[in-house]
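Enquirer: Sequence and computational prediction follow.
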Amino acid sequence: MSVKKPYFAEGQIYHIYNRGVEKREIFMQTGDYFRMVHDMFELNDLDAIVNTVRHLNPHKSMEARPHYIHTERKPRKILVKILAFALMPNHYHLLLEQVRPGGIIKFMQKLGTAYTMYFNKIYERVGPLLQGRFKAVHVNQDAHFVHLPFYIHANPIDLMYRGPTSNTSTTSMSPMEFLKNYRWSSFPDYVGIKNFPSVTSREFLLEFFGGEKEYEQATEQWLAERNEHESEITDLIIDPE
């Protein structure tokens, strides 16, 4: 299905999605996920980023300040607010608010190019990694907005039924426990578990839902009615798996 890109406007929110070409895996190991999260933070800047080095430790958050080889880092001029994200083995979901004119297009171009270059170098391959240009849908209805953050954060639950993931065992876990332990998502930070707190702008959604505890409770209730709620946002679920 062809998805026409919306007009991107400042202060508006969009569901952004893409997957691997031919549905191939785009995250093969833990380091790949860390690289994507790293790029989501570093490349969210109007200015070009040169000679950056960040030490990625899979047992810690990424809250340590980046270290620069030649110059000190200037304050970022962010292109977008990353409200929520979920990275899956062969695709990703982002919930973005545009901050500057052309911000989403510039951010996604930088992110896609940088990650593809990294991936192709690591795995000694050539050619496109992602399935064309990213897909985007404007989130402009209250009902959609209420459900979409939960849909994005619930995406990794499908992995519970595909065997153990690289970062945690699914044995005897409830869906909520699995989501709290799934590192490649903004969900842990939304419920007070420090994971990658610098990457996301959570104030808006947490204020909307009432806080971290309330968001956790709302997520649990949404999961109990997941099938019904997903049917209400079919026009925001782009090219479902």
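Expert: That came through, no problem. Numbering: from 1, shown residues only.
Enquirer: ok, residues contacting stretch 191-206?
Expert: Here stretch 191-206 makes contact (CB atoms under 8 Å, 6 or more residues apart in numbering) with 37, 40-41, 61-63, 81-85, 97, 149, 180, 183, 186, 188-190, 212-213, 215-216, 219. Where C-beta positions appear, they are placed from N, C-alpha and C, glycine not excepted.
Enquirer: Only the buried subset of these, as a PyMOL command please.
Expert: Buried subset of these, written as a PyMOL selection, criterion 16 or more other CB atoms under 10 Å:
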select buried, resi 37+40+41+61+62+81+82+83+84+85+97+149+180+183+186+188+189+190+215+216+219
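Enquirer: Can you tell me the SS state at the residue nearest to the spatial centre of the chain?
Expert: Residue closest to the average C-alpha location in the chain (CA atoms, centre = their mean): Phe85, at 2.3 Å. Secondary structure, DSSP: H, G, I helix; E, B strand; the rest coil: Phe85 is strand.
Enquirer: Flag the shaky bits of the chain, pLDDT-wise.
Expert: Counting by pLDDT under 70, the chain shows low-confidence ranges at 1-4, 49-73, 162-171, 235-241.
Enquirer: for it, what's the longest helix?
Expert: helix 103-122 (DSSP state H).
Enquirer: For it, C-alpha coordinates in CSV please.
Expert: C-alpha atoms of helix 103-122 as CSV (Å, rounded to 0.1, in the frame of the first residue of the first chain):
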residue,chain,number,x,y,z
GLY,A,103,12.8,19.1,10.9
ILE,A,104,11.3,15.7,10.4
ILE,A,105,12.6,15.2,6.8
LYS,A,106,16.1,16.4,7.8
PHE,A,107,16.2,14.2,10.9
MET,A,108,15.0,11.1,9.2
GLN,A,109,17.4,11.6,6.3
LYS,A,110,20.3,12.0,8.7
LEU,A,111,19.2,9.0,10.8
GLY,A,112,18.6,6.7,7.8
THR,A,113,21.8,7.6,6.0
ALA,A,114,24.0,7.3,9.2
TYR,A,115,22.5,4.0,10.3
THR,A,116,22.7,2.4,6.9
MET,A,117,26.4,3.4,6.5
TYR,A,118,27.1,1.9,9.9
PHE,A,119,25.2,-1.3,9.2
ASN,A,120,26.7,-1.8,5.8
LYS,A,121,30.2,-1.3,7.1
ILE,A,122,29.8,-3.7,10.1
